[in-house]
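1. Mind looking at a prediction? Sequence and model below.
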Amino acid sequence: MGRLDNKVAIITGGAMGLGAADSTLFAKEGAKVILTDVASDAGQKIADEIGATFMQQDVTDEERWKEIIAETVNLHGKLDILVNNAGIVEVGDPENQTTAEYRKTMAVHMDSTFFGCKYSIPVMAETGGGSIVNLASVIGLVGYNQFMQDNAGSSGLNPYPHSKGGVVQMTRDMAVGFGKHNIRVNALCPGFIFTPLTTGLFSDIDTRSKLQSLHPIGRLGQPSEIATAALFLASDEASFVTGACIPVDGGY
Ligand code: NAI
């Protein structure tokens, strides 16, 4: 008996990193997983490995969101779970970023979460409710600290923490708005986790050990440690949890 038996879940950005870990765990726990990603080959490969359905999607494309949700309902008759996971680190030098770079970060994190929720909620409401899990960040709760400001190309102008803070507030507001439909909306706020997103940042040994020391637990996180939290929020075990933005961050 799986913890997500009979549930239908869309997970964005499932081709690698946290999305791949979520997809793998959700499929193992019995969910019918729709794994989406802009990266077709990697997405298809992992979907085949875990018995999920792959759909190519750029999460910033509003029309594509409507198609993904309609195709999911055609395939499985309903949608129970949405994990808004796709994300990027686009801006290397925030002080010299282009407006296009700034807008892309906001679009991949905020527009996508908005569209995903907007088009999933009516479908979830029809079948009596659902669970949405948004990937925010601990950096959406506290901002970059001075170390990141000084050493990791962050200057107070980096749209990454700004967009993740936006996801936190969107989560809370949607939880209030859609609780009446039994739709729970929660966010995970990970600390620094080993994924392709952070490979560059962690490659410098000094940066990595300084970052490690900012996590009181004394190490950086693994994708499976985020996936287990996502599983809890997605499952009926979290039936009274909504509007929560949960740090999974080794105490950061
Ligand atoms: P990752 O870079 O390893 O994987 C992100 C996935 O999203 C990739 O498969 C990529 O192809 C996909 N993606 C990017 N842009 C897309 C788009 N426009 N449309 C569809 N798919 C797109 O990243 P990671 O580390 O797995 O991050 C997942 C989420 O967790 C992101 O939202 C990230 O901001 C967040 N996060 C990650 C942390 C970390 O330390 N790795 C910490 C806190 C939050």
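-> Okay, I see it.

2. how about Ile34, what does it touch?
-> Applying CB atoms under 8 Å, 6 or more residues apart in numbering, we find Ile34 in contact with Val8, Ala9, Ile10, Ile11, Ala52, Thr53, Met55, Ile68, Glu71, Thr72, Leu75. Placement of C-beta: from N, CA and C, glycine included.

3. typed the wrong thing, it's His181
-> Applying CB under 8 Å, 6+ apart, the residues contacting His181 are Ile121, Met124, Ala125, Gly129.

4. Which one of those residues is nearest to the ligand?
-> Distance ranking of the contacts of His181 against the ligand, using CB to the nearest ligand atom, places Ile121 first at 20.0 Å.

5. and that closest one, how many neighbours?
-> 20 (other CB atoms under 10 Å).

6. picking that back up, now restrict the contacts of Ile34 to buried residues only.
-> Neighbour counting over the contacts of Ile34 (16 or more other CB atoms under 10 Å) leaves Val8, Ala9, Ile10, Ile11, Ala52, Thr53, Met55, Ile68, Thr72 as the buried ones.

7. Check what pLDDT the nearest residue to the first one once chain neighbours are set aside gets.
-> It refers to Val8. In space, and not counting its chain neighbours, Val8 is closest to His76: 4.4 Å by CB to CB, 6 or more residues apart in numbering. On pLDDT, His76 comes in at 98.

8. Ok, Ala152 next?
-> Ala152 carries a pLDDT value of 67.

9. Could you check how far the most centrally placed residue in the chain is from His76?
-> In the chain, the residue lying closest to the centroid (CA atoms, centre = their mean) is Asn85, at 2.2 Å. Going from Asn85 to His76 by CB to CB, to the nearest Å gives 19 Å.

10. got the residues of the stretch 1-150 of the chain near the ligand?
-> Contacts of the stretch 1-150 of the chain with the ligand, taken as CB under 6 Å from any ligand atom, map to 12-13, 15-19, 37-39, 57-60, 85-88, 108, 135, 137.

11. Oh, that last question was meant for the stretch 151-252 of the chain, not what I typed.
-> Within the stretch 151-252 of the chain, the residues that sit near the ligand (CB under 6 Å from any ligand atom) are Pro190, Phe192, Ile193, Thr195, Pro196, Leu197, Thr198.

12. excluding its backbone neighbours, what's nearest the third one?
-> Spatial nearest neighbour of Ile193, excluding adjacent residues (CB to CB, 6+ apart): Gly221 at 4.1 Å.

13. that older thread, please list the members of the buried ones among the contacts of Ile34 that lie in strands.
-> Val8, Ala9, Ile10, Ile11, Thr53, Met55 (DSSP state E).

14. In JSON lines, list those residues along with pLDDT.
-> JSON lines is the format used below for those (pLDDT from 0 to 100):
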{"residue": "Val8", "pLDDT": "99"}
{"residue": "Ala9", "pLDDT": "99"}
{"residue": "Ile10", "pLDDT": "99"}
{"residue": "Ile11", "pLDDT": "99"}
{"residue": "Thr53", "pLDDT": "99"}
{"residue": "Met55", "pLDDT": "99"}
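
15. any chance you could map the helices in the stretch 1-150 of the chain?
-> Residue ranges of the helices in the stretch 1-150 of the chain, as given by DSSP state H, counting those that start in this stretch, are 17-28, 40-50, 62-76, 99-106, 112-126, 139-142, 146-151.

16. so of those, which one's packed in deepest?
-> With neighbours defined as mean count of other CB atoms under 10 Å, these peak in mean count at helix 17-28, which reaches a mean of 25.

17. what packs against that one?
-> Counting contacts by 3 or more CB pairs under 8 Å, 6 or more residues apart in numbering; DSSP states H and E, helix 17-28 is packed against strand 8-12, strand 32-37, helix 40-50, strand 81-84, helix 223-234.

18. got the CA positions of it in CSV?
-> What follows is helix 17-28, C-alpha atoms only, in CSV (Å, rounded to 0.1, in the frame of the first residue of the first chain):
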residue,chain,number,x,y,z
GLY,A,17,17.5,17.4,-9.2
LEU,A,18,14.7,17.8,-6.7
GLY,A,19,12.0,17.2,-9.3
ALA,A,20,13.5,13.9,-10.3
ALA,A,21,13.7,12.9,-6.6
ASP,A,22,10.1,13.9,-6.0
SER,A,23,8.9,12.1,-9.1
THR,A,24,10.7,8.9,-8.2
LEU,A,25,9.4,8.8,-4.7
PHE,A,26,5.9,9.7,-5.7
ALA,A,27,5.8,7.0,-8.3
LYS,A,28,7.2,4.5,-5.7
